[in-house]
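K.L.:
Here's a sequence, model it:
(chains A, B and C)
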Amino acid sequence: MNAIVMDNPDTHSGVSNAKLGVWLFLASEVMLFATLFTSYIVLRMGSTTWPWGWEALNVPLATLNTAILISSSVTIVMAYARVYDRDRTGFRTWMALTLLLSFAFLVVKAFEYGHEFHLGIGPSTSVFYAVYFTMTGLHGIHILGGILLNGALLGMSYSDSSWNDPLFLGRVEGAGLYWHFVDIVWIFLFPALYLL
Amino acid sequence: MSKSNAIDHDAHRPNATLYLKVFAALMILTGVTVLISKWHLPRPQAIALGLFVALIKASLVGAIFMHLWDEDRLIHKFLYVTLACACLMAITLTDARHLVGKITMRMPVAQQHPAEGHPEK
Amino acid sequence: MSHSESGHHELSFTQKYIFSVDHKMIGLQYMITSMVFLLVGFGLMLLMRWQLAFPGQAIPFFGHLFPADLAPNGVMSGQFYNTLGAMHGTIMVFLGVVPLGVGAYGNYLLPLQIGAPDMAFPRMNMMSYWLYLPGGILMLGSFLMPGGAAQSGWTSYPPLSIINPGQTVWILSMVILITSSLLGSINFLVTAINMRAPGMSLGRLPVFCWAQIVTAVLLLLAFPPLEAASILQLMDRVFHTSFYMPKDLVILGKQYVGSGGGQPLLWQHLFWFLAHPEVYVLVLPPMGIVSEIIANNTRKPLHGYKTMVASMIGIGIMSFLVWAHHMFISGMSPVLGNFFLVTTMIISVPSVAILTCLIFSLKGASIRYNVPMLFALAFLPLFGIGGLTGLPLGLTVTDIYLHDTYYVIGHFHFVVVTGSIIALLGGVYYWFPKWYGRKMNDTLGQIHFWGSVICMCGIFLPMFPMGLAGASRRLYDPTAQVHNLGVQPLNVVSTYFAYALALFQLPFIYNFFHSIWAGEKTVENPWKATTLEWACPSPPPHGNFTRTPRVYRGPYEYTAPGRKTDYWPQTDPS
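P.N.:
Below is the predicted model:
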């Protein structure tokens, strides 16, 4: 990004443009998911019956996915640490591991969806499944976005000019913030849909 | 007035050992929350406990992985505003309870699982 | 200091005029596009006005151009009327006024007024425009889709919106537009926070900048809920989920295919959670514009700068707490109704404070009555009418009677048309010299001003008695209800004024384009203004300021004692 930098000590907030931008974007994402969770609660309070998540959905697969996503959160923050120490191979290893885990998450998710479709369960089956498919689906789209972002950063690390750009650390941090946010959303989705 | 200036004081020094400790804690808490669900607690307790554990996990990720612990106060302020705004959506919930009463009053619906009622009732 | 990647080498035509990353060119792109959309939305309204004044008569000239299923024998069908109504609202709000106030004015003026060389993220700025344009075209293109465009009003209440054709394209287009405005608001905020010139403390920001900052926060936090709500509606339409569909819903004798069990009112809550802050998005930038024009033409400091800024922030906070006053008769909890009644009364306080400050600014001033000032002065009483007529709608008791009548239409059109649009038009005359280095013609401007203001009042004033008489707002044929017959002549009056308003826009359109190439050339600071945008050449070159300006004082130092000139620019070190 050809960000224009103005660095006046008295009027600059001290937080870089990129980081501020990422956090503001995350603020809007918080509102997006807050709306979805609110709708979920309203619909749940408004219905006469609501199944237990562990009766209706596959908890072992979801637990596996939680573990995968938490691990990927660690690997991306380790990748950030490697950029901080200017360790190029280390960054590539951890970032590739992150990508691998994100794909694993999507594969597990696909198995879960596939099994439900096989049983004839779809978004129109009941409000519970409507909430389940919409929220996990939207979360899945966020995972896809993260894969594109992280893949782009991994690719950029092969170019000397990108790697030596002083903004590169900020980019990895920004991608990490987004990825952790996606992780946090899942941390709430997992109990809200599967366990309660 | 250099570019690197603005970047340097902005980046967080990573702490790999701490990251791994948090990772372990997150994994343990994931196990805990699954175990709790096996107890088959009544709904209100299950919801409260489940969300409590999730809140701890989310705070860990936010504070350590997202470096909110030693982040600039400006970012904190933004987050407070956002969270306050998100909380306003809860006003909608008060209306949901009102609607529940109305729908069940006017349109009796066959209850498939009468034993499992509405969690808040 | 400041630097931009693209330096001063020659840019190709595409880089300069189409895929430009320069905030000024993007601002002008927004300006032209949103004005075209305003005209399109206005055109749809002209068709509707014919049907309202002369129901059942063939539309003159254009009637036979429409396909037979929309307008058999040139007479508008009910379905076509609903489509026009929904699209008029959507286009005016989401494609016209907001992009004009925020995308055009904000983009062009915010960086200039804070002394920045460009936006913080120029490419993201370009992307924001290039999402807005396709989103808008998709919205217009929905007229050509099978089943036509959306027909459920700009509010798209379910279950109607789930059943009606055309809604899917509406939702997709809205998601694109929301993404565009999210990118824009992030950009605005980062720019305002990090890119101010040295010395430009927050207390020295012009009121217009404050208006843009508050607007950006509203867009950032209020638009995602609509995005989420739209996604749920999309799921309902495409995958037959039942987020908004109640149980056992029977449509035209057929059971709804989904499971049911959802809540139609949920959409109304989520929609108005966006759409009430959206109302202030429509109003705040025009208030900022009016403040700039009034301070400049009264030649004295604004009365109560701090009050105005605090009121704007207050409006921003309160606007998240009033949404359900649109839903008093929807069947929601009466307790909630009381709560929102109180908050609605509270939010009128900061709005009145701003208007009062602007009126007090006129006191004892030797006012320059130029064209922009006329628009700014007209804004004050007319926006006042719009605001005050809103109070009976905010009180539950009176709202039960007035809800969904023409009174409501009169109220919000006074706010948005004689308020926002008047201010936005005035802004064109005020900043035109900055955009093109030439002035717009004064005589044509006067004709445009007087014609527009009189016609706007002529259109919307009759709506108040019509509403009080009980005319419902979404009726296709107003004569179908006997109690409307008494006020039907007012509909005819309103319609003729609408056509006259269309004619009075012609001098403006001619004036705008003629002045771009052949207007009278002006100097850098023709209005003798103090704010930073007048401290750079007109039009400003790429990178805006030849050297980063330094700011020494507040934005409205007019007629300062002991000065030879009656204005004291923010950049003047002496």
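
K.L.:
tell me which strands and helices the longest helix belonging to chain C is in contact with?
P.N.:
For chain C, the longest helix by residue count, based on DSSP state H, is helix C:264-298. On a contact count with 3 or more CB pairs under 8 Å, 6 or more residues apart in numbering or on different chains; DSSP states H and E, helix C:264-298 meets helix A:17-46, helix B:91-106, helix C:98, helix C:207-238, helix C:305-318, helix C:334-362, helix C:371-388, helix C:422-436. In short, each C-beta sits where N, CA and C put it, glycine included.

K.L.:
Do me a favour and average the pLDDT over the third one.
P.N.:
Within the predicted structure, the mean pLDDT of helix C:98 is 95.

K.L.:
got the buried residues for the lowest-mean-pLDDT helix or strand in chain A?
P.N.:
Sorting the helices and strands of chain A by mean pLDDT, DSSP states H and E puts helix A:53-56 at the bottom, at a mean of 89. By neighbour count on 16 or more other CB atoms under 10 Å in any protein chain shown, the buried set for helix A:53-56 is A:53-54, A:56.

K.L.:
Where does the prediction get shaky in chain B?
P.N.:
Scanning chain B for pLDDT under 70 picks out B:1-10, B:97-121.

K.L.:
Compare the mean pLDDT across the helices and strands packed on helix C:264-298 and name the weakest.
P.N.:
Minimum mean pLDDT among the helices and strands packed on helix C:264-298: helix B:91-106, a mean of 61.

K.L.:
Report the inter-axis angle for the longest helix of chain C versus helix C:207-238.
P.N.:
Here the directions of helix C:264-298 and helix C:207-238 differ by 160 degrees (axes from the mean of the first three to the mean of the last three CA atoms, to 10 degrees).

K.L.:
How far off centre is helix C:264-298?
P.N.:
7 Å (CA atoms, centre = their mean, to the nearest Å).

K.L.:
Check stretch C:117-125 too.
P.N.:
23 Å.

K.L.:
Can you show me the CA trace of it as CSV?
P.N.:
The C-alpha atoms that make up stretch C:117-125 are tabulated as CSV, following Å, rounded to 0.1, in the frame of the first residue of the first chain:
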residue,chain,number,x,y,z
PRO,C,117,-1.3,16.0,1.2
ASP,C,118,-3.8,13.2,0.7
MET,C,119,-5.9,10.6,2.5
ALA,C,120,-4.1,8.1,4.6
PHE,C,121,-4.8,5.2,2.2
PRO,C,122,-5.1,6.6,-1.3
ARG,C,123,-5.6,3.3,-3.0
MET,C,124,-8.3,2.2,-0.6
ASN,C,125,-9.9,5.6,-1.3
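
K.L.:
Which of the residues in it are classified as buried?
P.N.:
In stretch C:117-125, counting by 16+ other CB under 10 Å, buried: C:117-122, C:124-125.

K.L.:
Take these and keep only those in strands.
P.N.:
In strands, defined here by DSSP state E, there are no members of these.

K.L.:
near chain A too, which of the residues you listed?
P.N.:
C:117-122, C:124 (CB under 8 Å from any CB of the partner chain).

K.L.:
With pLDDT as extra columns, can I get those residues in a markdown table?
P.N.:
Formatted as a markdown table, these follow (pLDDT from 0 to 100):
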| residue | pLDDT |
| --- | --- |
| C:Pro117 | 92 |
| C:Asp118 | 92 |
| C:Met119 | 94 |
| C:Ala120 | 93 |
| C:Phe121 | 94 |
| C:Pro122 | 94 |
| C:Met124 | 95 |
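
K.L.:
Next, format those residues as JSON lines and append distance to A:Gly174.
P.N.:
Output for these, formatted as JSON lines (distance: CB to CB, whole Å):
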{"residue": "C:Pro117", "distance to A:Gly174": "23"}
{"residue": "C:Asp118", "distance to A:Gly174": "20"}
{"residue": "C:Met119", "distance to A:Gly174": "18"}
{"residue": "C:Ala120", "distance to A:Gly174": "14"}
{"residue": "C:Phe121", "distance to A:Gly174": "12"}
{"residue": "C:Pro122", "distance to A:Gly174": "17"}
{"residue": "C:Met124", "distance to A:Gly174": "13"}
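
K.L.:
For residue 124, which residues are in contact?
P.N.:
Using chain A here. Each residue near A:Ser124 by CB atoms under 8 Å, 6 or more residues apart in numbering or on different chains is listed here: A:130, C:239-242, C:257-259.

K.L.:
Chain C was what I was after
P.N.:
By CB under 8 Å, 6+ apart, the neighbours of C:Met124 are A:1, A:21, C:183, C:186-187.

K.L.:
ok so, going back, Serialize the helices and strands packed on helix C:264-298 to CSV and add fields for distance to C:Leu532 and mean neighbour count.
P.N.:
Listed next are the helices and strands packed on helix C:264-298 as CSV, based on distance: least, CB to CB, whole Å; neighbours: other CB atoms under 10 Å in any protein chain shown:
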stretch, distance to C:Leu532, mean neighbour count
helix A:17-46, 20, 23
helix B:91-106, 41, 16
helix C:98, 25, 24
helix C:207-238, 10, 25
helix C:305-318, 16, 20
helix C:334-362, 20, 18
helix C:371-388, 18, 22
helix C:422-436, 11, 25
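
K.L.:
need the contact list for the one residue in the stretch 301-450 of chain C that gets nearest to chain A.
P.N.:
When scored by CB to the nearest CB, the stretch 301-450 of chain C has C:Phe320 as its residue closest to chain A, at 10.5 Å. By CB under 8 Å, 6+ apart, the contact set of C:Phe320 is B:85, B:88, C:221-222, C:273, C:276-277.

K.L.:
Could you rerun that using 6 Å?
P.N.:
C:Phe320 makes contact with B:85, B:88 under the criterion CB atoms under 6 Å, 6 or more residues apart in numbering or on different chains.

K.L.:
Kindly state the pLDDT recorded for it?
P.N.:
94.

K.L.:
Count the neighbours of the residue in the stretch 401-550 of chain C positioned nearest to chain A for me.
P.N.:
Nearest residue of the stretch 401-550 of chain C to chain A: C:Thr548, at 7.5 Å (CB to the nearest CB). Look at C:Thr548: counted by other CB atoms under 10 Å in any protein chain shown, it has 16 neighbours.

K.L.:
what's the longest helix anywhere in chain B packed up against?
P.N.:
Counting by DSSP H, the longest helix found in chain B is helix B:16-38. With contacts taken as 3 or more CB pairs under 6 Å, 6 or more residues apart in numbering or on different chains; DSSP states H and E, helix B:16-38 sits against helix A:59-84, helix B:43-60.

K.L.:
quick one: which of those helices is nearest chain C?
P.N.:
Nearest of the helices and strands packed on helix B:16-38 (CB to the nearest CB): helix B:43-60, 18.2 Å.

K.L.:
Buried residues, that closest one. List them.
P.N.:
B:43, B:46-47, B:49-51, B:53-54, B:56-58, B:60.

K.L.:
picking up where we left off before, okay, and which of the contacts of A:Ser124 map to helices?
P.N.:
Those of the contacts of A:Ser124 lying in helices (DSSP H): A:Ala130.

K.L.:
now the contacts of A:Ser124 in CSV, with neighbour count?
P.N.:
Shown next, in CSV, are the contacts of A:Ser124 (neighbours: other CB atoms under 10 Å in any protein chain shown):
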residue, neighbour count
A:Ala130, 28
C:Phe239, 15
C:His240, 18
C:Thr241, 29
C:Ser242, 28
C:Val257, 11
C:Gly258, 25
C:Ser259, 19
